[in-house]
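Colleague: quick one: sequence plus predicted model below, questions after.
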Amino acid sequence: MREGRFHQWYDSLQVQFQRRYRKGLMFSTHYTWANGEWDSWAPWDITIIERFPNPLLIRHKWVVTAAYELPGKNLTGPAGAVLGGWQANVAAFVQSGLPYDISNAVSRTNTGGTDRPNMICDPNLPSGQRTVSRWFNTDCFVA
C-alpha cells in the first residue's frame, strides 16, 4: 500500500528487419535501445522521493534468428513421415550487461539498510589497468 504512489518509466526504440521464407530460408534481426527510470524513497529518509535509473535495465539488445526448411517437405509415404517438415534453426543475441550499483556495506545513516557513497572522481580505469578483480577505481568512492 505504501508504494502505490511511485512510478516507473520505460522508453525504447525498436528496429526490425525480417525476410520471410525464400527458397526455404527465413532471416530476422532486431535491435532494441531502452531507457528506464523509477522513483522511490531515498534510502536515508522516506520523506524524500528520488528518481533514478532502473537498476535492472538492459540498454542495448541485438537479436538474429534464421530458419531453413530442410528438403523433404513434399515427400510422401514412410519417407515423408520421417523426413518431411523438418527445419534447422539458429538464434543468437548480444546485449549490454546489467548495470551495477555502488553501495556501502553498512548504513552510515542508521536506516537499517545500505546507503550510497559519494563519487569524488571518474571511476573509469584505462583499459590497460582493468582486471577481473579491479574493473573500476574504488578510490573514487567515499562514505
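Modeller: Good, I have the coordinates.
Colleague: check contacts around the residue nearest the centre of the chain.
Modeller: The residue lying closest to the centre of the chain (Cα atoms, centre = their mean) is I58, at 2.3 Å. Residues in contact with I58 (Cβ atoms under 8 Å, 6 or more residues apart in numbering) are 34, 95-98. No exception for glycine: its C-beta is placed from N, CA and C like everyone else's.
Colleague: now the two most distant members of the residues you listed.
Modeller: Pairwise distances across the contacts of I58 peak at 13.5 Å for A34 and G97 (criterion: Cβ to Cβ).
Colleague: for the two, indicate the residue with more neighbours.
Modeller: Using other Cβ atoms under 10 Å as the criterion, A34 and G97 rank with A34 on top: 16 against 8.
Colleague: let me know the distance separating the more buried one from D11.
Modeller: 7 Å (Cβ to Cβ, to the nearest Å).
Colleague: same check, this time on G72
Modeller: 46 Å.
Colleague: quick check, pLDDT for the residue nearest to the centre of the chain.
Modeller: In this model, I58 is scored at 90, pLDDT.
Colleague: where does it fall, secondary structure wise?
Modeller: According to DSSP states H and E, I58 maps onto no helix or strand at all.
Colleague: for P78, see how far away it is.
Modeller: Counting by Cβ to Cβ, the gap from I58 to P78 is 48 Å.
Colleague: then A143?
Modeller: 75 Å.
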